[in-house]
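# got a structure for you, letters missing:
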Ligand SMILES: Cc1ncc(COP(=O)(O)O)c(C=O)c1O
Ligand SMILES: Cc1ncc(COP(=O)(O)O)c(C=O)c1O
């Protein structure tokens, strides 16, 4: 196995892929958004229960490759309890990691996704859940749908 | 000027092009057909007054290159007084001439079109008037229209 | 028997390394590679003959026209059409089917009519019929596929029931791009004709792989793409029976397909021009004719036999992998040269990514067959699709690569 | 200034003899020739990167996708589009215009509406509007052209009157392929916008000849062909403003343009995918990007200047021929690099045949402008159309050849 591939499929990712956290519908959700990766067909729905401006509860559901599922799973553990601006900041960091491959030391498990940068076609897989979560936070307290646009 | 070109634009052809015979609408016509060369836009209408099964009077009208106009003009002089089977035989001879370049000695002015065979794109020009005349003979005693089909 | 090493020498692209490994191209269901002769044809055209075909009387234009119309005649021969005028050049299968769905559909479909298709169609032979049915008020009905893995083929008993006189058109694929199923196309055409339905065959996956005779099949319309049969991208064909084409209104309009235009009105040329508005894709049409030469020199019967050997070999060897689910016809049954499979624990995209590291080009996903995937309870499959340059050794390398991958993901 | 000899060396096709004479290619209005770099791009694609772009995760597919989407970005830059998603690949100008006429026309036109176009349009920017008007019950109206030889350009006073609030769409050519007229496109777009009409620019004749900025022009839709701008055949572009594209329903449907398909229904991807059903013409799209590089390296402003010099030179020298009637803008007025002319006594096809014997490639006929021909009382014209590799010496040879021909036909 090549070094790039080992970098991509880190233990953290394999673990989240095998035992996804917060997976399934959230019965108490008051926000939801659906993300679609038109390039490869990956899908991800994110359910939120917002409490004021904070995410009180979160879950995700969908299908796709190990990268997209692990990323959505890990994301749910990282943004729970956060406000929209805090999530935006985290997403910015995450986006930098997957596009540049540079993970600042202080960054939690998100750094495991640094290997994605060597596989540009997979960047959208890694960001799919994040896009859905951000859309869900922006959405009205009712189901909505979003499709990722052409340019990431 | 190349030999091929001199062969193509024989004196007979230039003459018919400059002074077309039987040109214009035929007021007494009881048959008409219109021919169209979709490849180059040449047009030719042939008007007939059939008397029994013979062509009593004939004229043509249209626009196009020297070859198509001269050929239609010459044709009118050749098929006047003929029956449909006689016209078919003449046309077969003419078609042989323009496709092979071989003109039997006994053949009248039609042999002037032998040079066309070196210019395959112009064969349809030379046969345009003939097609219209044959259609006109077949047609009911009323105006009809025909468009040459894809394959000559 | 095909001389595979000799054939491989004809395909420049095969002789490269990917991630330091020799390329093993098993994505022929998506698009095939091109032999030197086809590439040379493009170069020759642009270096010697390039000119617009319409109404040109100078040397280049006559050469280009002869070559373009020669390609039409060549392709007519390739599928045994009665008349070159039955060959309409399009961008590919998808455009060909859209042309029929719109032109024919608009003229002939009305509320109460049924359009029949099957559950195993590619989106390109499905969504256009949804649209045509919607536009006309007709109903779209599907012939079911049998078996939990789609292994039972289309339900012929159901077909008998479904083919009522209300059915105006029956559109079906010759070979499924996901299951590998070879449909009995002649039989389908015969049954459809018996109820007066027009047939549309999606021949995208079959045209470059098996002998194909539109008259023997009794097809009304046939759609295919050049790029899957060793031809260039951007060119394809709609075959239509002359009697049907002559009644059909054009789809696109513009230069080259009109005989007479005024500010008020326009009259159409006959087929094929009527259906080819604008400057055609001359270079690629001509190169497609060369692809026909290439395939016929080898023999499509031999290519089909080679495909079948590889498919059997792949089925046998893939079945030894832990946790694999192979879809489509069972081992031994007729199947074209492609095999789709899935592992419950490993997503197709991860498999394709791992295979790529070993130089293998596979396709993973829904293969433009979303409804079928849903029916079979799959989110996608991995597909290995073979062609005339593939070998059994490549299948061994495929199986070895897959074995490493599923092991990595803990499948035992 | 362009270094014409250096440019000519880039075009392999120019270095051949026709009937024993060096080829003089003056049929660029029909199609342009291709530089070595564009031909090489095709070869490179098929020898190294060929693969289907849709959903591929293996190395070749990623390379092909990057190159294909890179071409989209390149072309967006070429016309200064705000967003690559505004670039839709089509077969050419004709298909691009049909796409708008159908998708936009179907959604927006209703009885009482007016579609405005002009009397000088190519059939490809005329017949699709006749069809759209007929399908919707809208009325098609034409801006008149002024002058017995069409030399007065479009009637701007009439345009003012015709551009009523009922006008929903104004489709016009940037440069006339028969008259050579350069229309004030920015002015037309401005006036159309003032009454709320959507604009469609037929840029077939301008795109490879002059600088072109969709945002500066204020155009809503722009259609053009690759084959007239040094690119390959079979590829073209529809530019559409993002805001308009996002509202538009697809034209063709099938694989690659759907996000979700069930047996009952389908949902579309956003632009540009929504409008690109089926496997795209990858190789030719990529080569079109290379054609953009080629033209921009030389500078389209310089190409335009070169065209203008040749047109002026041709006008001056052609006017010395007995019996000639030159149509379009008078000498000195703005005209693009093409000149159409007629002789009462010699048909255009005979002229073209004679010119061909001297190695000259000219076009004769109605140039897909039948209604305009009729209005000007012509059955056709002969057209000499210039491009970046043509020279004043070639024009001298053209004039000498024409002089011999008209003499042969007895014109004095
Ligand atoms: C002004 C104009 N519009 C439209 C077209 C049609 O372009 P195409 O045939 O490439 O679709 C042409 C060229 O033939 C043209 O000159
Ligand atoms: C069975 C089938 N039908 C239709 C298509 C569509 O062909 P294209 O994308 O060349 O239009 C394909 C290939 O993608 C196919 O496999």
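Good, I have the coordinates. A quick note: this is a predicted structure, and the numbers were derived from the prediction, not measured. Residues are numbered from 1 along each chain as shown, chains lettered A, B, ... in the order given. Ligands and ions are numbered 1, 2, ... in the order given.

# Could you check how far the closest residue to residue C:61 other than its chain neighbours is from residue B:119?
Once flanking residues are discounted, residue C:61 sits nearest to residue C:51: 4.2 Å by C-beta to C-beta, 6 or more residues apart in numbering or on different chains. Using the backbone N, CA and C atoms, a C-beta is placed for each residue, glycine as well. Separation of residue C:51 from residue B:119 (C-beta to C-beta, to the nearest Å) stands at 16 Å.

# Name the residue in these two with the higher neighbour count.
Comparing residue C:51 with residue B:119 by neighbour count (other C-beta atoms under 10 Å in any protein chain shown), the higher total belongs to residue C:51, at 26 against 20.

# Just to check, that one is in contact with residue D:31?
Yes: if you go by C-beta atoms under 8 Å, residue C:51 and residue D:31 touch, sitting 6.3 Å apart.

# check contacts around the residue of chain A found nearest chain C.
Evaluated by C-beta to the nearest C-beta, chain A has residue A:65 as its residue closest to chain C, separated by 3.7 Å. Going by C-beta atoms under 8 Å, 6 or more residues apart in numbering or on different chains, residue A:65 touches A:40, A:42, A:122, A:125, C:347-350, C:353.

# With residue C:239 instead?
With C-beta under 8 Å, 6+ apart, residue C:239 has these contacts: C:79, C:81, C:86-88, C:214, C:219, C:221-223.

# Am I right that it falls within a strand?
Yes: under the criterion used here (DSSP: H, G, I helix; E, B strand; the rest coil), residue C:239 sits inside a strand.

# For it, which non-adjacent residue is closest in space?
Nearest residue to residue C:239 in three dimensions, chain neighbours excluded: residue C:222, at 4.1 Å (C-beta to C-beta, 6+ apart).

# so who does the residue of chain C found nearest chain A touch?
Relative to chain A, the nearest point of chain C is residue C:349 (3.7 Å; C-beta to the nearest C-beta). Residue C:349 is in contact with A:40, A:42, A:64-65, A:67, A:125, C:364-365, C:380, D:57, counting by C-beta under 8 Å, 6+ apart.

# cool, and residue C:252?
Residue C:252 is in contact with C:275, C:277-278, D:94-95, D:98, D:128, counting by C-beta under 8 Å, 6+ apart.

# Tell me the most packed of these, by neighbour count.
residue D:94 (32 neighbours).

# Give the closest residue to it in space, chain neighbours not counted.
Leaving aside its sequence neighbours, residue D:94 sits nearest to residue C:278 (C-beta to C-beta, 6+ apart; 2.7 Å).

# same check, this time on residue C:109
Once flanking residues are discounted, residue C:109 sits nearest to residue C:136: 3.6 Å by C-beta to C-beta, 6+ apart.

# Roughly how far does the one you found sit from chain B?
30 Å (C-beta to the nearest C-beta, to the nearest Å).

# Touching, residue C:35 and residue C:11? I think so.
Yes: the pair residue C:35 / residue C:11 is scored as a contact, 5.6 Å apart, by C-beta under 8 Å.

# Between the two, tell me which one has more neighbours.
Under the criterion of other C-beta under 10 Å, the comparison of residue C:35 against residue C:11 puts residue C:35 first, with 26 against 23.

# Quick one: residues contacting that one.
Contacts of residue C:35 by C-beta under 8 Å, 6+ apart are C:10-11, C:230, C:291, C:294.

# now the residues you listed as JSON lines including distance to residue B:3?
Shown next, in JSON lines, are the contacts of residue C:35 (distance: C-beta to C-beta, whole Å):
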{"residue": "C:10", "distance to residue B:3": "43"}
{"residue": "C:11", "distance to residue B:3": "46"}
{"residue": "C:230", "distance to residue B:3": "43"}
{"residue": "C:291", "distance to residue B:3": "39"}
{"residue": "C:294", "distance to residue B:3": "39"}
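
# out of these, who's nearest residue D:332?
residue C:291 (51.8 Å; C-beta to C-beta).

# Can you verify my assumption that the closest one contacts residue C:225?
No: with contacts counted by C-beta under 8 Å, residue C:291 stays clear of residue C:225, the gap being 11.0 Å.

# got any residues that touch both of those two?
Counting by C-beta under 8 Å, 6+ apart, the residues touching both residue C:291 and residue C:225 are residue C:231.

# Looking at those two, which has the bigger crowd around it?
Between residue C:291 and residue C:225, residue C:225 has the larger neighbour count (other C-beta under 10 Å), namely 31 against 28.

# now residue C:149, nearest residue through space, not along the chain?
residue C:327 (4.4 Å).

# Buried residues of stretch C:46-57, list them for me.
Residues C:46-47, C:49-57 are the ones in stretch C:46-57 that count as buried (16 or more other C-beta atoms under 10 Å in any protein chain shown).

# same thing with stretch C:90-110?
Those would be C:90-105, C:108-109, for stretch C:90-110 by 16+ other C-beta under 10 Å.

# which residues touch the lowest-mean-pLDDT helix or strand in chain A?
Here the helix or strand of chain A ranked lowest by mean pLDDT, DSSP states H and E is helix A:3-8, holding a mean of 90. By C-beta under 8 Å, 6+ apart, the residues outside helix A:3-8 that reach it are A:67, A:114-116, A:118-119, A:122, C:353-354, C:357.

# Farthest-apart pair in the residues you listed, please.
Greatest spatial distance among those (C-beta to C-beta): A:114 and C:354, at 18.9 Å.

# Comparing those two, which shows the higher neighbour count?
residue C:354 (24 against 19).

# wait, doesn't residue A:91 sit right on residue A:129?
No: the criterion here is C-beta under 8 Å, and residue A:91 misses it with residue A:129 at 10.2 Å.

# When those two are compared, which one has more neighbours?
Remark: of residue A:91 and residue A:129, residue A:129 carries more neighbours, 27 against 19, as counted by other C-beta under 10 Å.

# and that one, that one's in a strand?
No: under three-state DSSP, residue A:129 sits outside any strand and is assigned helix.

# OK, contacts around it?
Here residue A:129 is in contact with A:35, A:44, A:46, A:60, A:62, A:68, A:71-73, A:75-76 (C-beta under 8 Å, 6+ apart).

# wait, which of those is closest to ligand 1?
Within the contacts of residue A:129, proximity to ligand 1 (C-beta to the nearest ligand atom) peaks at residue A:35, which comes in at 38.3 Å.

# in the sheet, who's paired with the closest one?
residue A:44 (DSSP bridges).

# Would you agree it is in contact with residue A:43?
Yes: look at residue A:35 against residue A:43 with C-beta under 8 Å: they come within range, at 7.1 Å.
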